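>>> Need a 3D model of the sequence below.
(2 chains)
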There are 2 protein chains.
Amino acid sequence: MTVKETAAWLAARDNFLLLTHVRPDGDTIGSAAALCRALRAMGKRACLLRNDGITATYAPYADGLWAEEGYVPETVVSVDIAALSLFIDAAQPYRDRVDLAIDHHSSQEFFAAETCLVSECAACGEIVYAIIRELTPITPEIALPLYVAVSTDCGGFQYANTTADTHRIAAELMALVDVTAVNKALFRTKSFVRLKMESRMVEEMTLHFDNRVVVMSIPLSLRREMQATEADIEELSSLAAMVEGTDCGVTLRELREGVVKISIRTTPAMDAGAICAQLGGGGHRGAAGATVEGTMESAKAAVLQAVAAYMEA
Amino acid sequence: MTVKETAAWLAARDNFLLLTHVRPDGDTIGSAAALCRALRAMGKRACLLRNDGITATYAPYADGLWAEEGYVPETVVSVDIAALSLFIDAAQPYRDRVDLAIDHHSSQEFFAAETCLVSECAACGEIVYAIIRELTPITPEIALPLYVAVSTDCGGFQYANTTADTHRIAAELMALVDVTAVNKALFRTKSFVRLKMESRMVEEMTLHFDNRVVVMSIPLSLRREMQATEADIEELSSLAAMVEGTDCGVTLRELREGVVKISIRTTPAMDAGAICAQLGGGGHRGAAGATVEGTMESAKAAVLQAVAAYMEA
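Okay, the predicted model is just below:
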């Protein structure tokens, strides 16, 4: 469905439950929160399915929007979810009955009855912004989570996915709400623990393929040693992408014993999505991910093999 | 003079020499380069006074624009220079004959015959953008240095000085030129040396005033040990401003034996400019600086005293 069709579709329905993805980021939470507030402003009933993975960074934006125990929705909408594998445990009962998916990932698996996909958008928040504009005036309460969604998914307007439209939307939202504190909290604040973890990751990073590829690791042992929270290690994958002279930053994060999350960030010279696809994952050209079973060592070997295969192709 | 008056003033003159400030940043170089290219596009003669302090980060944008030896200008314009104390050595002969100052610092000292000051702008580049729009079509060659100017002075759209207009200008410029590589180079690239220096600064930082103030140091000894270039330590003052729970990040950088550059970044809860004014410096509310004589220890004591006086007032 187009943005206009999606807006009309939403306007015709009620009693919404909004789903966000595992390890929720600013885009899924901000987009869902903004849509929820917009639907409520239209006099509808709407709430977010509780996502226990939410960190302290994004929890404030979902405050007051979580569904009560026993809430029975009529309309289920997923926001920024590309695949069923990214559903949280609590969302499993809705796998076969998502009425609408709103998403910007080109790897969207079309699991929902209807889909509003605009893969040119840097953030799902840009699509939600366009939808809400068709429905109801954008209040400061709607503008704030939208700004969080839009700004975080483009790395604070610094990632390659940022477009002129991203900036135009930011300008519109900034005219409605003061984002000073949000910018400071999201982009210019690091906890002591995070600063220390980054130091260790830098000390222990390894370089491969004539220094074109850098690998950083976050083993469980480091998390335990530093007593790091989820918020402390959020988006740490951007660090590997910063090393001068490299085209591919790989971050290996041990989610739990025997399961490793691989995050890859690339310059336009390489395709993160193509590399992660070989590992059963997906994403965008400049940023993608995969989750594999095994040790940190075997995950590292698997990534380097996938990179080698990509480079040969 | 207003932007329109300044544009008319520039259109009526020729043979320009553009001055940039000491330790040149993206705003002074990008603004001067864009203005220079715009004046040339209008068929005028214009160049930048060679600034030996330029780093590898910004040198590409001034390439081909430096004045030849013996160039005799008719019209001298300073760009992003708030005070005579920020003139480079080569600009000393022009101290008393600057015809126009274009600036956005509220601490502007009005040393020029004419001044175009718009202190609401996040970057001097925003003013130069508005001036150029009155004069000549913005080509990709003009848009690129303007984007550098605008984006760097607002910390890549993440500092508190960023406004809706900043985003609107970025949107206009991005429609004209691909800034992907510029964003990667300016905001998402760190040299090995820089990463290592940051680690050391984090290890050795100190906290004061109930953790509201954090002090980080870059002594000459650390620079020498790491063999750091100017580009490696550029904008390192933003690191201190990142520490969670603090309102005031102070960076002390030993420029040479006995001379220390103090950089202060604050949240809205404190006024960096007011603190630096006590130390003979100046700047904006959220970001300011001063240069003092003495050792790193005496500079640190002086800053902490200035902070104490500010907090009492």
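
>>> list the contacts for A:Ile88?
Residues near A:Ile88 by Cβ atoms under 8 Å, 6 or more residues apart in numbering or on different chains: A:19-22, A:49, A:51-53. Where you see a C-beta, it was placed from the backbone N, CA and C, and this is true even at glycine.

>>> and which of the residues you listed is nearest to A:Asn161?
Nearest to A:Asn161 among these: A:His21, at 17.5 Å, using Cβ to Cβ.

>>> Next, the contact list for A:Ala56, please.
A:Ala56 is in contact with A:229, A:231, counting by Cβ under 8 Å, 6+ apart.

>>> follow-up on the earlier one: ranking the contacts of A:Ile88 by neighbours, who comes first?
A:Thr20 (30 neighbours; other Cβ atoms under 10 Å in any protein chain shown).

>>> Give me the nearest residue to that residue, chain neighbours excluded.
Nearest non-adjacent residue to A:Thr20, counting by Cβ to Cβ, 6 or more residues apart in numbering or on different chains: A:Thr28, 4.2 Å away.

>>> near chain B, anything from stretch A:128-147?
No. Contact of stretch A:128-147 with chain B is not found when judged by Cβ under 8 Å from any Cβ of the partner chain; the minimum separation is 10.7 Å.

>>> now what about that stretch, what contacts it?
A:3-4, A:6-8, A:10-11, A:29-31, A:33-35, A:37-38, A:41-42, A:61, A:79, A:102, A:116, A:118, A:125, A:149-150, A:169-170, A:172-174, A:176-177, A:179, A:182.

>>> 6 Å instead, please
With contacts defined as Cβ atoms under 6 Å, 6 or more residues apart in numbering or on different chains, stretch A:128-147 is touched by A:3, A:6-7, A:30-31, A:33-35, A:37-38, A:41-42, A:61, A:125, A:169, A:173, A:176-177, A:179.

>>> wait, doesn't the residue nearest to A:Thr20 sit right on A:Val22?
No. At 9.2 Å, A:Thr28 does not count as touching A:Val22 under the criterion of Cβ atoms under 6 Å.

>>> Now for the two: what residues contact both?
Counting by Cβ under 6 Å, 6+ apart, nothing touches both A:Thr28 and A:Val22.

>>> Report the buried residues of stretch A:84-100.
A:84, A:86-88, A:91, A:94, A:98-100 (16 or more other Cβ atoms under 10 Å in any protein chain shown).

>>> Stretch A:201-212 too?
A:201-202, A:205, A:208, A:212.

>>> Same question for stretch A:273-280.
Buried residues in stretch A:273-280 (16+ other Cβ under 10 Å): A:273-279.

>>> same question, stretch A:183-203
A:183-184, A:186-202.

>>> ok, which of those residues also contact chain B?
A:183, A:187-191, A:195, A:199, A:202 (Cβ under 6 Å from any Cβ of the partner chain).

>>> From the residues you listed, pick the one nearest A:Ala112.
Once Cβ to Cβ is applied, the member of these that ends up nearest A:Ala112 is A:Phe187, at 32.0 Å.

>>> Quick check: phi and psi on that closest one?
phi -120, psi -20 (degrees, to the nearest 10).

>>> list the contacts for it?
A:156, B:158.

>>> circling back to that earlier point, tell me which entries of the ones next to chain B among the buried residues of stretch A:183-203 lie within helices.
A:183, A:187, A:195, A:199, A:202 (DSSP state H).

>>> Distance check, the last one against A:Leu195.
A:Val202 sits 11 Å away from A:Leu195, going by Cβ to Cβ, to the nearest Å.

>>> so what's A:Ser78 bridging to?
Beta-bridge partners of A:Ser78, counted by DSSP bridges, are A:Leu19, A:Ala101.
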